[in-house]
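> quick one, structure for this:
(one chain, ligands or ions: 1)
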Amino acid sequence: MMGGEEEKEEEIGKKDEEEEEEEMVGSIGSYRGRVRLVYSSAAAAEMMLLWGIQQPTLSKPNAFVSHSSQQLRLDACGRTLSILQSPSSLGTPGVTGSVLWDSGVVLGKFLEHTVESGMMLLQGKKVVELGSGCGLVGCIAALLGAEVILTDLPDRLRLLRKNVGTNLYGNVRGSAAVSQFVWGEEPDLELIQPLPDYVLGSDVIYGEDAVMDLLATLLELCGTQTTIILAGELEMMLSSNTS
Ligand SMILES: C[S@@+](CC[C@H](N)C(=O)[O-])C[C@H]1O[C@@H](n2cnc3c(N)ncnc32)[C@H](O)[C@@H]1O
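Below is the predicted model of the structure:
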C-alpha cells in the first residue's frame, strides 16, 4: 500500500506529465489544426514530428485537397492562393505533381504559422524546394520573404511556372524562380552557391525507388547551416513499407 506522501508525489508527477503534454500541443495558423511537436535534444539530428491529432487525415486521404478539381483555393499569407491542377495527367504513370497533396497544404500552413508566430525567419533566406509539383509550398515561402527556387522534373515545369506566375503578383516579400532538378543528379550552381538555408519537400517520399537519390541530393544541397523540412503522410509511408 502507498503512503500519503507517495500518493501525493505520484499525483504531482501525473500533473507535470499532463502539463508537459498540454504544452506540446498547439494549433496551426488560420487552419487551426491541432498538432503535437516533438523535439529531440541532438541538434545535428533534430527532428520535429508534426502530426494531426484526431484529424480527418488519419482516416481519409486527400482531406484538404480534391484531385478532381482543375483549381484549388487556399487562404495563406493574407491572400487567396489559386492553385491550378491537371487531374487528367495524374493517370500518366509516374506523374504525381500535377495535383496538390495534403502534405503540401500542411507544410505550407506550418511555414505560415511558424513565421507569423516568430518561431522561424524566412525573410531573405535561400530556400530550395524539391518536387514542387503545383508549387503551393514554394509560393507560400516566397510570400513569407524567402528567395525560393522551386524544382521538379524537367517535363513537369509548365504547371508549376503557371501557378507561380498566378500567385506571386504585386507585393511579394521574397522571390521565386522555377528550375528543373532531378534528384541524384548534379545540382546546378544556382542551387548550391550558396548552399540553401532551407530545403523543403512535401510528399516526396512515396516510393522506395527514389529514396536513395533523394538522400544523395539532400547531402549535396545541405551545409551545416541548412535546415531540411520534409512533410509526408505517415500512414502512407507505413503502408508502403509493409506492402
Ligand atoms: C506526390 S508529388 C508532391 C508534389 C508537391 N510537393 C505536393 O505536396 O503537392 C511528388 C513530386 O516529386 C517530384 N519527383 C518525383 N521524383 C522525382 C525525382 N526523381 N526528381 C525530382 N522530382 C521528383 C514529382 O514530379 C512530384 O512533383
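
> what does stretch 67-77 contact?
29-30, 65-66, 80-87, 90, 99-100, 105, 108-109, 112, 136, 140, 143-144 (CB atoms under 8 Å, 6 or more residues apart in numbering). All C-beta spots, glycine's among them, are computed from the backbone N, C-alpha and C.

> is the ligand contacted by the helix or strand where residue 106 lies?
For residue 106, the element it lies in under DSSP states H and E is helix 102-116. Yes: under the criterion of CB under 6 Å from any ligand atom, the ligand is reached by helix 102-116 at 103-104.

> now, of the contacts of stretch 67-77, which are buried?
29, 65, 81, 83-86, 99-100, 105, 108-109, 112, 136, 140, 143-144 (16 or more other CB atoms under 10 Å).

> so which of these belong to strands?
81, 83-84 (DSSP state E).

> could you find the closest non-adjacent residue to the residue most central in space within the chain?
Most central in the chain under CA atoms, centre = their mean is residue 107, positioned 3.0 Å from the mean C-alpha point. Spatial nearest neighbour of residue 107, chain neighbours left out: residue 231 (3.8 Å); criterion: CB to CB, 6 or more residues apart in numbering.

> do you know how far the one you found is from residue 169?
Using CB to CB, to the nearest Å, residue 231 is found at 26 Å from residue 169.

> distance from the chain centre to stretch 117-124, please.
15 Å (CA atoms, centre = their mean, to the nearest Å).

> just the CA atoms of it, as PDB, please.
What follows is the C-alpha trace of stretch 117-124 in PDB, where atoms were taken according to Å, rounded to 0.1, in the frame of the first residue of the first chain:
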ATOM      1  CA  SER A 117       4.400  33.500 -34.700                       C
ATOM      2  CA  GLY A 118       8.100  34.500 -34.800                       C
ATOM      3  CA  MET A 119       9.400  30.900 -34.400                       C
ATOM      4  CA  MET A 120      11.200  31.000 -37.800                       C
ATOM      5  CA  LEU A 121      12.600  33.700 -40.100                       C
ATOM      6  CA  LEU A 122      12.400  33.200 -43.800                       C
ATOM      7  CA  GLN A 123      13.000  36.800 -44.900                       C
ATOM      8  CA  GLY A 124      16.000  36.900 -47.200                       C
END
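
> mean confidence for that stretch?
For stretch 117-124, mean pLDDT rounds to 94.
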